[in-house]
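K.L.:
Mind looking at a prediction? Sequence and model below.
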Amino acid sequence: MIDAHVHLRDMDLSYKEDFTTGTAAAAAGGFTTVLDMPNTLPPTDSSSRLIEKIERAQSKILTNVGFHVAAVPDSAQISQMSRLGAYSLKLYMPNPISPLDIQDDNTILTLLQSSKESDLRVTVHGEDQGLLRQPYNKETESFVELAKARSEQAELHALSRVLGLAAKTGCSVHLSHITLPSSILAARKYRHATTEVTPHHVLLSEKAIKRKGWKAWMVPPLRSESIRKNLLLLLSKGLVTIVASDHAPHTIEEKSGAVAESPPGVPGLETTLPLMLTLVTRRVLSMSLLIRLLSSNPARVFNLPGKGRLEEGFDADIVLVDLKRKTRIRPESFLSKAKYSPFENVHVQGQVHTTLVGGTVVFQDGEIVGKPGSGRIVKRGVRG
Ligand SMILES: [Zn+2]
């Protein structure tokens with residue numbers, strides 16, 4: 001299993017998660033390879049920062065780890081980061097990681113052009129900066145109010161704008177954590193677009209925000225029940241390219257403080273596979289579709305040779321699952337530092353039994369047996 005959207009944090013954000021706890025959570029959740037996001041402290045926004053991150057991660061990881069990098073205006077930097085094996089340029093439209101005039105079409109066009117020249121995909125967080133209602137009411141005590149400030153329109157507008165600009169350049173774009181069926185349908189009209197959904201957007205709706213508050217606060221936010229159902233329907237029909245967790249750990253103190261300051265994001269590495277397997281046992285998804293969504297498609301989209309298939313000559317990155325085993329999600333037992341979840345107490349069927357990375361057992365019977373440093377740094381297009 002490959003999780004293409006993970007925030008492993010580390011460095012100045014190690015108090016939220018570090019390379020060892022994040023990859024331990026990955027192994028426990030059945031993921032053998034994870035692709036880390038660049039919005040860290042410091043951010044992954046230059047070739048030297050990428051090298052530093054690779055060196056720091058090397059001795060600490062239990063699974064394979066690769067890196068996305070920030071979208072930056074400098075095309076020389078883009079090509080250097082591409083040569084170092086970056087998996088994509090992350091374009092965070094609400095608030096770019098590296099300074100970028102996000103509302104200017106020419107800026108985006110230039111970025112897409114340089115990205116294409118470096119054979120890199122642009123991974124997009126699609127929420128239009130201008131349509132997010134800012135500033136929030138700093139006194140708000142309601143996560144529902146925070147969620148309303150991030151409208152469906154903001155997603156639709158941002159994604160259709162990026163898709164239109166990408167079509168002019170032929171650049172490949174990957175649309176992260178899509179929440180709306182209409183976004184999926186819009187993306188399917190552009191040949192070089194791939195789509196991603198998270199388990200939370202297909203399994204939970206805004207009702208969870210009301211009931212669980214900060215535990216169900218992430219961006220883009222959870223939507224209405226009818227949108228959720230239709231998104232799950234498109235997923236089950238095979239119209240979405242990949243599922244990713246958007247594992248975004250924070251401390252409980254940060255999350256549960258003042259509502260307007262609560263950082264968005266939930267951990268997902270240890271819940272994604274059990275939740276998806278539950279959909280398989282309930283016959284909502286087929287097992288072969290699950291494997292495409294969590295393994296072969298991410299391997300193809302992000303160019304991970306030797307991965308995504310169980311076949312002679314491929315890497316022995318393997319997860320064994322017990323499809324009969326029924327459990328409930330217990331955040332207190334997560335290996336991630338973020339011991340909370342909007343799926344707390346949800347009953348699931350299908351549990352990770354053993355995780356092998358490169359032929360070595362790293363997780364078995366509920367325990368990590370691998371050593372930090374046993375995982376490998378993976379680079380786009382390079383056989384590990
Ligand atoms: Zn994310």
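P.N.:
That came through fine. Residues are numbered from 1 along each chain as shown.
K.L.:
any low-confidence regions in the stretch 101-250 of the chain?
P.N.:
By pLDDT under 70, the low-scoring segments of the stretch 101-250 of the chain are 134-136.
K.L.:
the strands in it, which residues?
P.N.:
121-125, 173-175, 193-197, 242-243 (DSSP state E, counting those that start in this stretch).
K.L.:
Against which helices or strands is the second one packed?
P.N.:
With contacts defined as 3 or more Cβ pairs under 8 Å, 6 or more residues apart in numbering; DSSP states H and E, strand 173-175 has these neighbours: strand 121-125, helix 152-169, strand 193-197. Just so you know, the C-beta spots here come from the backbone N, C-alpha and C atoms, and that holds for glycine as well.
K.L.:
One more pass at 10 Å, please.
P.N.:
Contacts defined by 3 or more Cβ pairs under 10 Å, 6 or more residues apart in numbering; DSSP states H and E place strand 173-175 against strand 88-92, strand 121-125, helix 152-169, helix 181-187, strand 193-197.
K.L.:
These: which one's closest to I377?
P.N.:
Across these, I377 has its closest neighbour in strand 88-92 (16.0 Å, Cβ to Cβ).
K.L.:
Same list (the strands of the stretch 101-250 of the chain) but as a markdown table, adding mean neighbour count and distance to V65.
P.N.:
Converted to a markdown table, the strands of the stretch 101-250 of the chain look like this (neighbours: other Cβ atoms under 10 Å; distance: least, Cβ to Cβ, whole Å):
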| stretch | mean neighbour count | distance to V65 |
| --- | --- | --- |
| strand 121-125 | 26 | 16 |
| strand 173-175 | 27 | 18 |
| strand 193-197 | 24 | 18 |
| strand 242-243 | 26 | 17 |
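K.L.:
what about the helices and strands packed on strand 173-175, which gets the closest to R9?
P.N.:
Judged by Cβ to Cβ, the one of the helices and strands packed on strand 173-175 that comes nearest to R9 is strand 88-92, at 14.8 Å.
K.L.:
now that closest one: mean pLDDT?
P.N.:
Mean per-residue pLDDT for strand 88-92: 97.
K.L.:
which ones are touching N64?
P.N.:
2, 23, 26, 31-35, 304, 307, 315, 317, 357-358, 375-378, 384 (Cβ atoms under 10 Å, 6 or more residues apart in numbering).
K.L.:
tell me the pLDDT at it?
P.N.:
Here, the pLDDT recorded for N64 equals 98.
K.L.:
how many neighbours does the closest residue to it other than its chain neighbours have?
P.N.:
In space, and not counting its chain neighbours, N64 is closest to T33: 4.0 Å by Cβ to Cβ, 6 or more residues apart in numbering. Applying other Cβ atoms under 10 Å, we find 29 residues neighbouring T33.
K.L.:
T33 contacts F67, doesn't it?
P.N.:
No. Here T33 does not reach F67: they are 11.7 Å apart, not a contact under Cβ atoms under 10 Å.
K.L.:
Return every residue with contacts to both of those two.
P.N.:
Taking Cβ under 10 Å, 6+ apart as the contact rule, T33 and F67 both touch V378.
K.L.:
tally of neighbours for L109?
P.N.:
15.
K.L.:
In space, what's closest to it - neighbours in sequence excluded?
P.N.:
Residue nearest to L109 in three dimensions, not counting chain neighbours: L165, with 5.5 Å by Cβ to Cβ, 6+ apart.
K.L.:
again with V382
P.N.:
Per Cβ to Cβ, 6+ apart, closest to V382 is G85, 6.0 Å.
K.L.:
Then P42?
P.N.:
R49 (6.0 Å).
K.L.:
thought that neighbour was touching A70?
P.N.:
Yes. The pair formed by R49 and A70 meets the contact definition of Cβ under 10 Å, at 8.7 Å.
K.L.:
Residues that sit against both of the two, list them.
P.N.:
Common neighbours of R49 and A70 (Cβ under 10 Å, 6+ apart) are 38, 40, 43, 77, 81.
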